[in-house]
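*Asks:* pasting the sequence and the predicted coordinates here, then a few questions.
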Amino acid sequence: GESVGLHLPTLSVQEGDNSIINCAYSNSASDYFIWYKQESGKGPQFIIDIRSNMDKRQGQRVTVLLNKTVKHLSLQIAATQPGDSAVYFCAETNGSNYKLTFGKGTLLTVNP
Amino acid sequence: GAGVSQTPSNKVTEKGKYVELRCDPISGHTALYWYRQSLGQGPEFLIYFQGTGAADDSGLPNDRFFAVRPEGSVSTLKIQRTERGDSAMYLCASSLLAGGGLDTQYFGPGTRLTVL
């Protein structure tokens, strides 16, 4: 069936280090991927997205990499800050489907 | 500009009661979505509105759940005869375009529902 999953449920890093959060997906028809950040008690906050015709996209301190060959997605956060501490979800959908399918999430903890 | 808003932020009710959860989408957004999120899990799709009509309600768990969007803006999720298993965070999202998956969904802060 269709699924999106994360390799690491928790990630702990030191402030200033770079963070990498990984995500695997199984639906080869997926062509749009989104990373969301969710702080405790709040709704998911859009971070960055990428379409399947790209393999890399950069934002402010964040980079998303897409490897369609192995159905793998990653989120890189540069110079991680305490405010980056949250649960990060990858979500996928495709051009003919409006439903987002979310993985379970990775808890990122940034130590000062 | 203002984001998606949801009220109430928290709702505690007793088993068997009726509840309504409200969502105000971003102004001008045609599409509106409801998701449910259990503790430690990612959000799960419930229903999608394109304008005033429910284009897909396949995610609603049973007929105790119903949602409306009468004027194509504000939406209300209604749950009848609540059960303890309904306890979760209910999230609303909106996107600019109607239909099509290549459209960013922006989420509200959610309503935490607790059924005692």
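*Replies:* Perfect, I can see it now.

*Asks:* contacts, neighbours, all on C-alpha from now
*Replies:* OK.

*Asks:* leaving out chain neighbours, which residue sits closest to residue 28?
*Replies:* Reading this off chain A. Nearest residue to A:S28, sequence neighbours excluded (C-alpha to C-alpha, 6 or more residues apart in numbering or on different chains): A:K71, at 7.4 Å.

*Asks:* my bad, chain B
*Replies:* That would be B:L96: by C-alpha to C-alpha, 6+ apart, it lies 6.7 Å from B:G28.

*Asks:* could you check how far the one you found is from B:F107?
*Replies:* 12 Å (C-alpha to C-alpha, to the nearest Å).

*Asks:* and the strands in the chain?
*Replies:* Picked chain A for this. Assigned by DSSP state E, chain A shows strands spanning A:4-5, A:10-14, A:19-25, A:32-38, A:45-51, A:56-58, A:62-67, A:72-77, A:86-94, A:97-102, A:106-111.

*Asks:* wrong chain, I was asking about chain B
*Replies:* Going by DSSP E, chain B shows strands at B:5-7, B:10-13, B:19-24, B:31-37, B:44-50, B:53-56, B:65-68, B:75-79, B:88-95, B:106-107, B:111-115.

*Asks:* go through those and find the least confident stretch.
*Replies:* Of all the strands of chain B, the minimum mean pLDDT falls on strand B:53-56 (a mean of 87).

*Asks:* rewinding a little: could you list which residues are in contact with the residue nearest to B:G28?
*Replies:* Neighbouring residues of B:L96 by C-alpha atoms under 8 Å, 6 or more residues apart in numbering or on different chains: B:G28, B:H29, B:T30, B:A31, B:D103, B:T104.

*Asks:* from chain A, how far off is the fifth one?
*Replies:* Right, B:D103. To chain A, B:D103 is 8 Å away according to C-alpha to the nearest C-alpha, to the nearest Å.

*Asks:* now swap in the second one and tell me
*Replies:* Applying C-alpha to the nearest C-alpha, the value for B:H29 to chain A is 14 Å.

*Asks:* for burial, what's the neighbour tally of the nearest residue to A:A91 once chain neighbours are set aside?
*Replies:* The spatially closest residue to A:A91, leaving aside those adjacent along the chain, is A:F102, at 4.4 Å (C-alpha to C-alpha, 6+ apart). Counted with other C-alpha atoms under 10 Å in any protein chain shown, the neighbours of A:F102 add up to 25.

*Asks:* cool, and A:N53?
*Replies:* Neighbours of A:N53 under the rule other C-alpha under 10 Å: 10.

*Asks:* A:L65 too?
*Replies:* Residues contacting A:L65 under the criterion other C-alpha under 10 Å number 18.

*Asks:* cool, B:V12 as well?
*Replies:* Using other C-alpha under 10 Å, B:V12 has 12 other residues around it.

*Asks:* hmm, A:V87 is touching A:V110, no?
*Replies:* No: at 11.6 Å, A:V87 does not count as touching A:V110 under the criterion of C-alpha atoms under 8 Å.

*Asks:* can you pull up the most central residue in chain B?
*Replies:* B:W34 (3.1 Å; C-alpha atoms, centre = their mean).

*Asks:* which residues are in contact with that residue?
*Replies:* Contacts of B:W34 (C-alpha under 8 Å, 6+ apart): B:F45, B:L46, B:I47, B:Y48, B:Y90, B:L91, B:C92, B:A93.

*Asks:* ok, now which ones touch the nearest residue to B:Y90 once chain neighbours are set aside?
*Replies:* Distances taken as C-alpha to C-alpha, 6+ apart place B:R36 nearest to B:Y90, at 4.6 Å, with adjacent residues excluded. By C-alpha under 8 Å, 6+ apart, the contact set of B:R36 is B:P43, B:E44, B:F45, B:L46, B:A88, B:M89, B:Y90, B:L91.
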